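>>> Okay, here's the prediction I keep looking at, along with the sequence it came from:
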Amino acid sequence: MNLTRIDSPDAAAVQHVADALTLLPYLPPRPHRLADAGSGGGVPGIPLAIVRSDVRVTLIEATGKKARFLEQTARELRLTNIQVVNARLEDAAGLREAFDVVVARALAPMDKLARWCLPLVRVGGALLAMKGPRAHGELAGAARTIARLGGRPAVLHPVDEPNLDGHIIAEVRKAAI
């Protein structure tokens, strides 16, 4: 399907699956609703749905071909806790404040992520943005947008995994606006 540039199974195990699972410590321990914004090939949403079958995962993907792939994959893997929404994040008004957690990986700079994703997060929930070494600069530039949308200043969690050097999880908690 040409959904990712990573084509080696060993590389995919680290750069997709292991990377996705670095979010686990930041997810609520109880059942909750999670959205994977701009899901693409299903990472991190599908690995999280497999490991946390108690979590209702919504994969939001604008590209029809990718959304159909995600639906087929969820069906074949018998992941009954996955729903696929074929829509642009900007057009997902029906999902406003519907999620405890919204995750995003390699989607956009932090300013855009905040504009697209924070409206989907319920008050008390969090946006978990999987970022690289430029996270500090992106967050500085996005601080006003984050605050305007009810987000608290981001907490950065460096990823401590071999072969994932420089990976950072930016956690933005949503407070009342």
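Happy to help now that I have it. Given the structure is predicted, the values throughout are model-derived calculations rather than measurements.
>>> Quick one: residues contacting A114.
127, 142, 145-146, 149, 151, 172 (CB atoms under 8 Å, 6 or more residues apart in numbering). Every residue, glycine included, has its C-beta placed from N, CA and C.
>>> Quick check: which element contains it?
Taking DSSP states H and E as the definition, A114 sits inside helix 110-117.
>>> Please identify which of the contacts of A114 is nearest to D19.
Closest approach to D19 among the contacts of A114 (CB to CB): L127, at 17.2 Å.
>>> My read is that A92 contacts N86, right?
No. The pair A92 / N86 is not scored as a contact, 10.4 Å apart, by CB atoms under 8 Å.
>>> out of the two, which sits in the more crowded spot?
A92 (20 against 16; other CB atoms under 10 Å).
>>> ok, so what distance separates that one from D19?
As judged by CB to CB, to the nearest Å, A92 and D19 stand 24 Å apart.
>>> Need the pLDDT of A129.
Reading off the confidence values, A129 has pLDDT 97.
>>> surely M130 meets P158?
No. Between M130 and P158 there is no contact under CB under 8 Å: 12.0 Å.
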